[in-house]
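*Asks:* Sequence and predicted model, in that order:
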Amino acid sequence: MHKRTWAVTVSAATAVLLTLAVGGCSRGTKASLATQSSTSGRPDTLTYGSLTDITTLNPVYITDAVSRGAATLVYAPLYDFDRQGRRTVEPWDLAAAPLEISKDGRTYTVKLKTNARWSDGKPVTADDLIFTIEMIRNSKVGSPDRTEFDKVKSLHKVDAHTVRITLDSVYAPFGDYLAELMPIPEHVLKGVPASRLREAAFGMDPSHTVSDGPWRWKAWKPKQYLEFDQSPNYWGPKPRIKKVVYKIYASGNALTEALMRGDVDMDTTIPWDQLGTVRQSGNVRVLAKPGPQYEFIAFNFNATNFPGDFDPFADPTTRQAIYYALDRKAMVRSILEGDGAVIDSPFLPHTWYDVDNQATHYTYNSAKAKRLLKAAGWEPGPGGVLEKDGHPFRFELQYNAGDTRREQTVAVVKRELKAVGIEVIPKAVDFSDWMNQNLKPGKFQAVLLAWSLDTPDPDQESIFSSKYFPPYGNNIGWYKNPQTDQLWIAGNGTVNEQDRERVYGQIAKDFSEDPPYVFLYQYGTPMGYSSRVHWRAADAPEPSLAQGSLYHIENWWLSSP
């Protein structure tokens, strides 16, 4: 399982999703951006404000949300997801029919549209899909998506537009990973050695990037802007928006001010502390419903991270007490301004696998928290800090520097845990240092962090299974529960949704008894759109999905400012 990314910020009060591996580049075109200054007078151009630049537009290597968003403009995916997170086939998808899955859950058949074309006029065929999957699976290519396709046993070309994929074993998330796959053109890249694909001009230079989506990549001036225009050889329904410009800003405040001025049409990272001001603006429409992210406090179960090798979180009763000590509902109300939802498990509400209600709902109850702490052996110590076996209940809580939402959350956690005798020492860390020095190697006492679920599938094995301890997996807190380890395997080992739902319901219950995290809340990133951006109700942005800010952009249209 790869499609889980850490949700962090890169500037004050600004939420941006980044993955573990973020590369960089500086190659681009020398074209000037004549349309850069303002959206006014440009009724045919959508200007998208961004806080970070892309890293690549080669789908085989994309690991960050900004690049993924730009790629959705220029590449056609195999399938789409509806608002409930189920696979669907849209007119702009490469698939001509729903994904066929064999009864034994090991064979997947993809049928491509026969009229799909690359931007150079060449047809999109089964050879392109097979080539793409082979490149992802090739260790010399170094694709971060390799783990999603490592169970592929064989690829068979049934005909020019049909591919049959057989897996070594049942792997239920495979359908969703396959759905979001963006094929690359074999006729352009087949001569590039696998070990040199990352260095190829394809995906790094607009003039050498052949794509198959509604728009084509026209220009790139790194750290300033990207330009996209309608692809003349596009085979699907012609988009009503002629041009898209990604304009890059240095800070969230600057970007949001540009939105309110009308210099950009989209800002998908509105700072929470500016949300009220933006909502009062007469020319901005704000969407701020919970998204595919959940915030949590992760405990560390490797005792070497604590003085005297004494881990205060070892007893599950202690972790349950921390749940009761925190007023999570008040956090949603005050910190998220009500635009969030308390959760009790890693399974998000309003999905086909919604089992969050099967977990214990820990309501705020500081008196009960104190009773549980006493039951776990904690006794009053000097300065009001609890002690156990001579060890004070004191721990460092790390979070990424510059995130005002997390600063507020940490302040609440510190105050409410102090009320029950637990001392929290907040520590803000620069994300790049934090990732490499603390998160990946699992060296911390506790962290405030979030996961972004990039695909709708509920599989989160690599976050919670003991098979994925640091530094090779995402189980950053060294959590080990043999029963849930087996349940994750069982959930992936069947494609029957009812059976999977039962499995995840049991995991939710187990996590209530033996919490790996304190699950705080589901949240979304507030998104703003200028009044000149229009869509039908069926094509409105969908904050609950990854890249939902661009949901059905193919059908949007613009009016004059």
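*Replies:* Arrived safely.

*Asks:* and the residue lying closest to residue 120 once chain neighbours are set aside, what does it touch?
*Replies:* Counting by C-beta to C-beta, 6 or more residues apart in numbering, residue 120 lies nearest to residue 210, which is 5.1 Å off, once chain neighbours are set aside. Any C-beta I mention is one placed from the backbone N, CA and C, and that applies to glycine too. Shown in contact with residue 210 (C-beta atoms under 8 Å, 6 or more residues apart in numbering): 118, 119, 120, 122, 185, 188, 202.

*Asks:* Quickly find the element holding residue 210.
*Replies:* For residue 210, there is no enclosing helix or strand under DSSP states H and E.

*Asks:* and the gap between it and residue 216?
*Replies:* Distance check for residue 210 against residue 216: by C-beta to C-beta, to the nearest Å, it reads 9 Å.

*Asks:* Now the common contact residues for the two.
*Replies:* Joint contacts of residue 210 and residue 216 (C-beta under 8 Å, 6+ apart) are residue 119.

*Asks:* Where do the helices of the stretch 351-500 of the chain begin and end?
*Replies:* With helices called from DSSP state H, counting those that start in this stretch, the stretch 351-500 of the chain shows them at 366-375, 404-418, 431-434, 461-464, 482-492, 497-513.

*Asks:* Quick test: name the residue nearest the centre of the protein.
*Replies:* For the chain, the residue nearest the mean C-alpha position is residue 452 (3.4 Å; C-alpha atoms, centre = their mean).

*Asks:* Wait, that residue touches residue 348, no?
*Replies:* No: Residue 452 is beyond contact range of residue 348, at 11.0 Å (criterion: C-beta atoms under 8 Å).

*Asks:* residues shared between the contacts of those two?
*Replies:* Common neighbours of residue 452 and residue 348 (C-beta under 8 Å, 6+ apart) are residue 292.

*Asks:* if I look at residue 323, how far off is residue 519?
*Replies:* For residue 323 relative to residue 519 (C-beta to C-beta), the value is 9 Å.

*Asks:* likewise residue 533?
*Replies:* In this structure, residue 533 and residue 519 are 34 Å apart, going by C-beta to C-beta.

*Asks:* Give me the more crowded residue out of these two.
*Replies:* Between residue 533 and residue 519, counted using other C-beta atoms under 10 Å, residue 519 has the larger neighbour count: 25 against 20.

*Asks:* Name the helix or strand for that one, please.
*Replies:* Per DSSP H and E, residue 519 falls inside strand 517-523.

*Asks:* The very next helix or strand once past that strand pairs with which strands, parallel or anti?
*Replies:* Toward the C-terminus, strand 517-523 is succeeded by strand 527-530 as the next helix or strand (DSSP H and E). Here strand 527-530 is paired, per DSSP bridges, with strand 266-267 (antiparallel), strand 284-287 (antiparallel).

*Asks:* Off-centre distance for strand 527-530?
*Replies:* 20 Å (C-alpha atoms, centre = their mean, to the nearest Å).

*Asks:* which other residues reach it?
*Replies:* Counting by C-beta under 8 Å, 6+ apart, residues outside strand 527-530 touching it are 39, 256, 259, 262, 264-268, 270, 278, 283-288, 541, 543, 549, 561.

*Asks:* got it, and stretch 223-238?
*Replies:* With C-beta under 8 Å, 6+ apart, stretch 223-238 has contacts from 31, 33, 35-36, 53-54, 70, 73-74, 76, 91-92, 113, 115-121, 211-220, 239, 242-248, 554-555.

*Asks:* And for stretch 347-365?
*Replies:* 84-86, 290, 292, 294, 320, 323-330, 341-345, 453, 456, 458, 497, 500-501, 504-505, 507-509, 511-513, 522, 544.

*Asks:* Extract the residue ranges of the stretch 51-200 of the chain that are flagged as low pLDDT.
*Replies:* With pLDDT under 70 as the threshold, the stretch 51-200 of the chain has no low-confidence stretch at all.

*Asks:* can you redo the helices of the stretch 351-500 of the chain as TSV with mean pLDDT?
*Replies:* Shown next, in TSV, are the helices of the stretch 351-500 of the chain (pLDDT from 0 to 100):
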stretch	mean pLDDT
helix 366-375	98
helix 404-418	94
helix 431-434	76
helix 461-464	90
helix 482-492	96
helix 497-513	96
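
*Asks:* Start and end of stretch 411-429, how far apart?
*Replies:* 16 Å (C-alpha to C-alpha, to the nearest Å).

*Asks:* Give me the buried stretch members for it, please.
*Replies:* 412, 413, 414, 416, 417, 420, 421, 422, 423, 424, 427, 429 (16 or more other C-beta atoms under 10 Å).

*Asks:* quick check: domain ranges of the protein?
*Replies:* The chain breaks down by automatic domain parsing into domains covering 4-288+525-558, 293-523.

*Asks:* hang on, the earlier thing: deepest-packed of the strands paired with strand 527-530, please.
*Replies:* Stretch with highest mean neighbour count among the strands paired with strand 527-530: strand 266-267 (a mean of 28; mean count of other C-beta atoms under 10 Å).

*Asks:* Can you name the next helix or strand after that one?
*Replies:* Where DSSP H and E defines the elements, the next helix or strand beyond strand 266-267 is helix 275-279.

*Asks:* Output the contacting helices and strands for that following helix.
*Replies:* The contact analysis (3 or more C-beta pairs under 8 Å, 6 or more residues apart in numbering; DSSP states H and E) places helix 275-279 against helix 252-261, strand 284-287.
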